[in-house]
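**Student:** No letters, just coordinates:
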């Protein structure tokens with residue numbers, strides 16, 4: 001006995017009688033949904049309803065159940081066996097449905113729930129003897145590297161991977177130069193100059209671009225050198241026939257992997273007979289756009305009748321330094337250092 005065939009046969013007999021599922025259900029005091037389930041083979045009528053159903057469809061139980069007419073047949077037992085089969089099939093479908101839901105939910109959780117990152121030791125591209133640390137999102141695989149970049153694959157979503165990478169780089173020192181913020185790993189002495197996640201059809205690609213050392217230090221040294229020329233060299237007065245002698249020494253000192261821009265300024269007045277100190281000072285400097293700003297932190301000697309400022313600005317032009325506010329105008333109309 002096949003429940004699908006029985007259901008199709010009930011539907012055929014109902015349509016022959018020109019009855020809707022609702023009309024047949026009303027006659028049997030059941031809902032149209034119950035009739036629908038019979039016709040779809042999802043359940044069977046109860047023995048108490050089966051005789052009434054056969055009567056309404058002008059047939060008998062044997063015809064409805066499509067079984068051979070026998071005197072000793074146990075209809076109730078047959079129906080019970082079929083109900084067990086239906087229940088078993090429904091249970092199987094429920095289990096498959098539940099497993100499907102669990103599988104889909106697991107994929108969604110895996111793809112979109114953050115799991116954090118691991119700090120992994122990888123060999124530095126330009127020095128196989130050097131190990132560096134990288135924060136790699138969990139479940140990443142197939143690392144590749146070329147020149148200054150590392151890349152990984154991960155089956156998880158791009159948005160959650162970006163969030164985990166952001167959490168990692170935020171543990172590093174933030175260094176800014178060239179109007180950009182980079183991420184410096186003090187322990188490994190490397191700078192992550194860029195990181196990105198690109199989502200593809202089946203997986204996401206994670207990439208890191210890395211520079212050795214503190215990238216902003218190197219960039220700053222290059223920028224300063226391009227603007228004012230060689231560092232650690234005395235800058236002297238451009239005018240040769242002046243009575244002033246000026247020695248300005250801009251220098252670079254690296255302390256704890258940070259650039260310290262220090263300077264000394266010694267100024268003398270020498271008329272050929274006497275030589276006196278106008279200023280002896282030390283401090284720090286920085287270059288902002290096209291100006292070198294000298295900040296005095298200590299003045300060792302000074303001429304009493306000259307007011308020496310705490311800060312002096314030099315305009316940079318063709319690697320020469322032109323004093324903006326000339327506090328030495330009593331000795332020289334304009335000050336240009338070469």
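**Tutor:** All right, it came through fine. All values reported here derive from a predicted model rather than from experimental measurement.
**Student:** which stretches of the stretch 101-250 of the chain form helices?
**Tutor:** Along the stretch 101-250 of the chain, counting by DSSP state H, counting those that start in this stretch, helices occupy 158-169, 215-228.
**Student:** and residue 337, what are its phi and psi?
**Tutor:** The phi/psi pair for residue 337 (degrees, to the nearest 10) reads phi -100, psi 140.
**Student:** Show me the strands in the stretch 201-338 of the chain, by range?
**Tutor:** Using DSSP state E, counting those that start in this stretch, the strands of the stretch 201-338 of the chain run over 204-212, 235-236, 244-255, 258-270, 275-288, 291-302, 311-317, 320-323, 336-337.
**Student:** circling back: make TSV out of the helices of the stretch 101-250 of the chain and add mean neighbour count, mean pLDDT and distance to residue 97.
**Tutor:** Heads up, the C-betas are built off the backbone N, CA and C, glycines and all. Below are the helices of the stretch 101-250 of the chain laid out as TSV (neighbours: other CB atoms under 10 Å; pLDDT from 0 to 100; distance: least, CB to CB, whole Å):
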stretch	mean neighbour count	mean pLDDT	distance to residue 97
helix 158-169	18	92	27
helix 215-228	16	90	54
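**Student:** Save the ones you listed as a markdown table, and put in distance to residue 17 too.
**Tutor:** As requested, these are exported to a markdown table (distance: least, CB to CB, whole Å):
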| stretch | distance to residue 17 |
| --- | --- |
| helix 158-169 | 59 |
| helix 215-228 | 86 |
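**Student:** Out of these, which gets nearest to residue 136?
**Tutor:** helix 158-169 (8.4 Å; CB to CB).
**Student:** any idea how far that closest one is from the chain center?
**Tutor:** Taking CA atoms, centre = their mean, to the nearest Å, the mean C-alpha location of helix 158-169 is offset from the chain mean by 3 Å.
**Student:** circling back to that earlier point, pipe the strands of the stretch 201-338 of the chain into a markdown table and attach distance to residue 99, mean neighbour count and mean pLDDT per row.
**Tutor:** Shown next, in a markdown table, are the strands of the stretch 201-338 of the chain (distance: least, CB to CB, whole Å; neighbours: other CB atoms under 10 Å; pLDDT from 0 to 100):
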| stretch | distance to residue 99 | mean neighbour count | mean pLDDT |
| --- | --- | --- | --- |
| strand 204-212 | 27 | 20 | 91 |
| strand 235-236 | 78 | 18 | 92 |
| strand 244-255 | 61 | 16 | 89 |
| strand 258-270 | 58 | 17 | 91 |
| strand 275-288 | 65 | 16 | 94 |
| strand 291-302 | 70 | 15 | 95 |
| strand 311-317 | 72 | 16 | 95 |
| strand 320-323 | 77 | 19 | 95 |
| strand 336-337 | 80 | 19 | 94 |
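**Student:** Among those, which comes closest to residue 49?
**Tutor:** That would be strand 204-212 among these, by CB to CB, at 57.7 Å.
**Student:** just checking, what packs against the closest one?
**Tutor:** Under the contact criterion of 3 or more CB pairs under 8 Å, 6 or more residues apart in numbering; DSSP states H and E, strand 204-212 touches strand 127-137, strand 149-154, helix 158-169, strand 190-199.
**Student:** What strands flank that strand, and is each parallel or antiparallel?
**Tutor:** Strand 204-212 has its sheet partners listed here by DSSP bridges as strand 149-154 (antiparallel), strand 190-199 (antiparallel).
**Student:** could those strands be laid out in CSV, adding mean neighbour count, mean pLDDT and distance to residue 205?
**Tutor:** Converted to CSV, those look like this (neighbours: other CB under 10 Å; pLDDT from 0 to 100; distance: least, CB to CB, whole Å):
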stretch, mean neighbour count, mean pLDDT, distance to residue 205
strand 149-154, 19, 91, 6
strand 190-199, 18, 92, 5
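**Student:** Which among the ones you listed is found nearest to residue 8?
**Tutor:** Short answer: strand 190-199, nearest of the strands paired with strand 204-212 by CB to CB, at 48.2 Å.
**Student:** For that closest one, what is the distance to the chain centroid?
**Tutor:** 9 Å.
**Student:** Tell me what angle that strand forms with helix 215-228.
**Tutor:** Put simply, strand 190-199 runs at 110 degrees to helix 215-228, going by axes from the mean of the first three to the mean of the last three CA atoms, to 10 degrees.
**Student:** So what touches strand 190-199?
**Tutor:** With contact meaning CB atoms under 8 Å, 6 or more residues apart in numbering, strand 190-199 is reached by 124, 132, 157-158, 161-162, 165, 169, 172, 175, 182-185, 204-216.
**Student:** again, only this time at 6 Å
**Tutor:** Contact partners of strand 190-199, identified using CB atoms under 6 Å, 6 or more residues apart in numbering, comprise 132, 158, 161-162, 165, 182-184, 204-212, 214-215.
**Student:** Just put the strands of the stretch 201-338 of the chain in CSV and tack on distance to residue 48.
**Tutor:** Output for those, formatted as CSV (distance: least, CB to CB, whole Å):
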stretch, distance to residue 48
strand 204-212, 61
strand 235-236, 111
strand 244-255, 95
strand 258-270, 91
strand 275-288, 96
strand 291-302, 101
strand 311-317, 104
strand 320-323, 109
strand 336-337, 112
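**Student:** Tell me which of these approaches residue 7 most closely.
**Tutor:** Of these, nearest to residue 7 by CB to CB is strand 204-212, at 48.3 Å.
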